[in-house]
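*Asks:* Fold the following for me, if possible:
(one chain, ligands or ions: 1)
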Amino acid sequence: MSISDDPGRALPTVVVIGTGGTIAGRAASAHDLVGYTAGQVGVAELLAGLGGAEEGPVDVEQVAQINSKDMDLPVWQRLCERVAHHLGRPEVAGLVITHGTDTLEETAFLLQCLIRPAKPVVLTCAMRPATALAPDGPQNLGDALRLARHPGAQGVLVACAGRVHGAAEVSKVHTYRLDAFDSGDAGPVAQIENGQVRCWRPWPGQGFDAVPDGRKRLQAFLALDGLPRVELLYSHACADGEIVRALLAQSVSAGGRLQGLVVAGTGNGTLHHRLEDALAEALAAGVRVVRATRCAQGQVIPLTEDRLEPSRGLSPVKARLALMLDLIGH
Ligand code: SIN
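*Replies:* So this is what the prediction gives:
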């Protein structure tokens, strides 16, 4: 659906795809900032709330209407398919995706790995529902629209609270603060000040067709009827590894479905020795094991003679996605 008239057609189009989240959330009271239902307000209505402030034509598509904690493979597949479709339209400068904050970094990373867009694909969100007295969604959405038309911008980006993050580095780091995202050591890619984009470092992304077999790999992802089973564990004081053995036993009884484990270790990915013993059993059973870190910042630096694969700069949830994509041949 297009919400703009012909006079603007000389300017490039931005496509805004709605998936739900707090940005589309509704509460019974304008003062309630936590007791709301996410994914209620349609993306066309969110855009209408900007009062026509967007410059140029905007096409709108509602791909899902969910709380992003419930993100699943069918929604990801639908989203990837629509993103690839709209990126292929020559008149489209860039895309904006409205998304819940809770799994936004996973969707951003997935899109970057699968599509690596040469145009900007900007995920945006809100920490307050659309019905709040002072919602943050309209400002974030307006910033995202500007960024999607910004000359030279490319790759999967996240626009929130005036900062622009890259998909590989961004993580949600706060449960309540409006500026809930951070890019750790790398820092944000850019910031948006009164509608102007100030760039700090090169844009991510390299172009769909620059990736060997990029289109074929996307088609393979779209055809999946399930993701490889990769579980995420923590190392912690008194860990005994029994969770790993239970997973292995369950996997054997279910026909060997467990394919990978990502363990969020302490510090530089170190593990309680009992958990490490259990993970060695998983390795011996043919399960891939990736060592990530519980630390919010810093990367896991490989050790010599490391039996486990280091996640390097990826957070545990992104290391899990990377391992799943690797297991399906990406
Ligand atoms: C969600 O992730 O859909 C709900 C939480 C949020 O958007 O902040």
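*Asks:* in what helix or strand does Ala280 lie?
*Replies:* helix 273-284 (DSSP states H and E).
*Asks:* Can you give me the buried ones in that helix?
*Replies:* Leu275, Glu276, Ala278, Leu279, Ala282 (16 or more other C-beta atoms under 10 Å). The C-beta positions use only the backbone N, C-alpha and C, and glycine is treated the same way.
*Asks:* how many neighbours does the residue in the stretch 151-300 of the chain that the ligand sits nearest to have?
*Replies:* Nearest residue of the stretch 151-300 of the chain to the ligand: Ala180, at 7.5 Å (C-beta to the nearest ligand atom). Neighbour count for Ala180, taken as other C-beta atoms under 10 Å: 20.
*Asks:* for Ala130, what are its contacts?
*Replies:* Ile23, Ala24, Gly25, Arg26, Gln40, Val41, Leu46, Gly49, Gly137 (C-beta atoms under 8 Å, 6 or more residues apart in numbering).
*Asks:* For the first one, give me its contacts.
*Replies:* Shown here is Ile23, whose contacts under the criterion C-beta under 8 Å, 6+ apart are Leu46, Thr98, His99, Gly100, Thr124, Cys125, Ala126, Ala130, Gly137, Asn140, Leu141.
*Asks:* In PyMOL, select just the buried ones from those residues.
*Replies:* Typed into PyMOL, the line below selects the buried ones among the contacts of Ile23, using 16+ other C-beta under 10 Å:
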select buried, resi 46+98+99+100+124+125+126+130+137+140+141
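*Asks:* do you know how far Pro74 is from Leu227?
*Replies:* 11 Å (C-beta to C-beta, to the nearest Å).
*Asks:* So between the two, which is more surrounded?
*Replies:* Under the criterion of other C-beta under 10 Å, the comparison of Pro74 against Leu227 puts Leu227 first, with 17 against 11.
*Asks:* ok so that one is a helix residue?
*Replies:* No - per DSSP: H, G, I helix; E, B strand; the rest coil, Leu227 lies outside any helix segment and is coil.
*Asks:* Just give the nearest non-adjacent residue to it, would you?
*Replies:* Met324 (5.3 Å; C-beta to C-beta, 6 or more residues apart in numbering).
*Asks:* Could you tell me how many residues sit around the one you found?
*Replies:* Using other C-beta under 10 Å: Met324 sits among 20 other residues.
*Asks:* quick check, the helix or strand containing it touching the ligand?
*Replies:* For Met324, the host element (DSSP H and E) is helix 316-327. No - using C-beta under 6 Å from any ligand atom, no contact is recorded between helix 316-327 and the ligand, whose separation bottoms out at 13.4 Å.
*Asks:* so what does that helix touch, helix or strand wise?
*Replies:* In terms of contacts (3 or more C-beta pairs under 8 Å, 6 or more residues apart in numbering; DSSP states H and E), helix 316-327 is packed against helix 104-115, strand 229-234, strand 258-265, strand 288-293.
*Asks:* Name the residues that touch the last one?
*Replies:* The reference is to strand 288-293. Where contact means C-beta under 8 Å, 6+ apart, the residues beyond strand 288-293 that reach it are 230, 259-269, 271, 279, 282-283, 299-300, 306-311, 314-316, 319-320, 322-323, 326-327.
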